[in-house]
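# A predicted structure for the sequence below; I have some questions about it.
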Amino acid sequence: MPEPPREPDNAIASTGQGGAMDLGLDEAETLERTPGGPLGTGPQEKPRSLWSDAWHDLRRNPVFIGSALVILFLVVISLWPSLIASGNPLKCDLARAQEGSQPGHPFGFNGQGCDVYTRTVYGARTSVAVGVLSTLGVAVLGSVLGALAGFFGGLGDAFLSRITDVFFAIPVVLGGLVLLSVVTSNTIWPVIGFIVLLGWPQLSRIARGSVITAKQNDYVQAARALGASHSRLLLRHIAPNAVAPVIVVATIALGTYIALEATLSFLGVGLRPPSVSWGIDISAASPYVRNAPHALLWPSGALAVTVLAFIMLGDAVRDALDPKLR
C-alpha cells in the first residue's frame, strides 16, 4: 500500500494538558525520537546510591589514595615480610650492639645487636594483625548488641546503656595494666581480647543511634505494615542504611588500637619478648636513646606512619559517607 501523505509544513503534538501545539515536521520527529525524560532533557541517568557516590568521591580524594597505598604496602609486608627483609628478626649479635647504618643493615643495630630494619619490617605483622582482628571483633560485637538494643528498645536497651556507661568509666591503659598483668600467654590473643572487651561500647553506641534513626524512616514503616519480620527489617531495610557510621568509626579506631597495642607492649603488659613488636623495640631502645637514637627512631616512625594512615583513611571515608560534609 502506498504510504499516506504527510503534511509537509507542520504537525500537531499534544501538550500533555488536554491541548495541542503546532510543530514543524523536523521538530515533531525530533520530539518522537527523544528517549526518556521530559522534552529537552535527554536520557535520564540512573541515580547513584550512597555507596557508589561515596566511591566516586573517594577515587578523587588524594588523602584517601595516599593513605590506602600506605596501608596496602603495610598489608603486603605483613603477609610476606621476606619480600623486603631477608634477615631473621630474632638473630642478634652483641658485638654489633648500638652500631649505626652499614651496608646490608640500613637502620643499624639496637642495644642487643639485632638488625633494626628487619625487626621494623616484621613488627608490621604484629601491629596490623592486632589492629585488624581487634577492629573486626569490636565491630561485630558492638554492632550486633547496639542494633538489637536500638531496634527493640525497652528494658534490654536500658540495661545495655548502663553496661556501656560502666565500661566507659574504665581507663583503658589502667585496665590493660590490671588485666593483662596476670596473663602469661605470649601471643597476640590476650591483647586482642582486652581491646575488644573495652572497645565494643563505643561501636555499640554508634550502631544503636544509627538503628534508632533508620527505623523511623517511611520505608521501614511501610515494610512493617506489609508484615515484614524483625529479621527482614533489620537485615534488608535498616542495616544497609545504618552501617555507614559504624564503618567510619571502626576505620579510625583501627589506628587507635594499633597505638594501644604498642603502648601496652611498651609498658611490659602487652606482647613480650621474643615476640617482635614496635612497642617492644621502642621500650628496649629508650635507655639507649643518646647513644643509639636510630634504634628508637625507626620503629617509632613506622608506628606513627601506620596510625596516621588509618586515621586519614577514616577521615576520608567519613567525608565521603556523610552528606552533611559535602
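Now that the structure is in, tell me what you want to look at.
# residues in contact with the helix or strand containing Ser231?
Here Ser231 is covered by helix 230-232, with elements defined by DSSP states H and E. With contact meaning CB atoms under 8 Å, 6 or more residues apart in numbering, helix 230-232 is reached by 151, 223. Just so you know, the C-beta spots here come from the backbone N, C-alpha and C atoms, and that holds for glycine as well.
# Which helix or strand lies directly C-terminal to it?
Next along from helix 230-232, by DSSP H and E: helix 239-242.
# Which neighbouring elements make contact with the top helix by length along the chain?
Taking DSSP state H as the criterion, the chain has its longest helix at helix 116-152. Packing contacts for helix 116-152, counted by 3 or more CB pairs under 8 Å, 6 or more residues apart in numbering; DSSP states H and E, involve helix 62-79, helix 154-168, helix 189-214, helix 244-267, helix 278-285, helix 294-321.
# What residues of the first one count as buried?
Right, the one you point to is helix 62-79. 64, 67-68, 70-71, 74, 77-78 (16 or more other CB atoms under 10 Å).
# Same check on the shortest one?
For helix 278-285, a neighbour-count test (16+ other CB under 10 Å) marks 278-285 as buried.
# Quick one: those residues as JSON lines, columns for pLDDT too.
Below are the buried residues of helix 278-285 laid out as JSON lines (pLDDT from 0 to 100):
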{"residue": "Trp278", "pLDDT": "95"}
{"residue": "Gly279", "pLDDT": "94"}
{"residue": "Ile280", "pLDDT": "94"}
{"residue": "Asp281", "pLDDT": "94"}
{"residue": "Ile282", "pLDDT": "95"}
{"residue": "Ser283", "pLDDT": "93"}
{"residue": "Ala284", "pLDDT": "92"}
{"residue": "Ala285", "pLDDT": "93"}
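# and which of those residues is nearest Gln98?
Of all these, Ala285 has the smallest distance to Gln98: 9.5 Å, by CB to CB.
# Let me know the distance separating that closest one from Cys114.
Going from Ala285 to Cys114 by CB to CB, to the nearest Å gives 10 Å.
# Next: Ser210.
From Ser210 to Cys114 the distance is 47 Å (CB to CB).
# which residues sit in contact with the residue nearest to Glu261 when sequence neighbours are not counted?
Excluding the flanking residues, the one nearest Glu261 by CB to CB, 6 or more residues apart in numbering is Val130, at 4.5 Å. Shown in contact with Val130 (CB under 8 Å, 6+ apart): 188, 191-192, 195, 257-258, 261.
# any idea how far Leu155 is from the spatially most central residue of the chain?
Note on the chain: the residue nearest the mean C-alpha position is Thr251, at 2.7 Å, using CA atoms, centre = their mean. To Leu155, Thr251 is 33 Å away according to CB to CB.
# ok, back up a step: test my guess that the residue nearest to the centre of the chain contacts Val317.
Yes. Using CB atoms under 8 Å, Thr251 makes contact with Val317 at a distance of 5.5 Å.
# Quick check on Ser101: phi, psi?
phi -60, psi 140 (degrees, to the nearest 10).
# And it, how close does it get to Asp165?
In terms of CB to CB, Ser101 sits 52 Å off from Asp165.
# picking up where we left off before, now flag whichever of the buried residues of helix 62-79 is closest to His105.
For the buried residues of helix 62-79, with His105 as the reference and CB to CB as the criterion, the closest is Ile77, at 17.6 Å.
# pLDDT score for the closest one?
At Ile77, the model reports a pLDDT of 94.
# excluding its backbone neighbours, what's nearest Phe64?
Using CB to CB, 6+ apart, the closest residue to Phe64 is Ala316 (3.8 Å).
# Tell me how many other residues crowd the one you found.
By other CB atoms under 10 Å, 23 other residues sit near Ala316.
# cool, the one 5 residues further on as well?
Residue crowding around Leu321 was assessed by other CB under 10 Å; the count is 19.
# quick one: it and Ala54 touch, right?
Yes. Counting by CB under 8 Å, Ala54 is a contact partner of Leu321 at 5.1 Å.
# residues contacting Cys114?
Taking CB under 8 Å, 6+ apart as the test, what Cys114 contacts is 89-92.
# Going by neighbour count, which of those residues are buried?
Using 16+ other CB under 10 Å, the buried members of those are 89, 92.
# between the contacts of Cys114, which is nearest His237?
Pro89 (49.7 Å).
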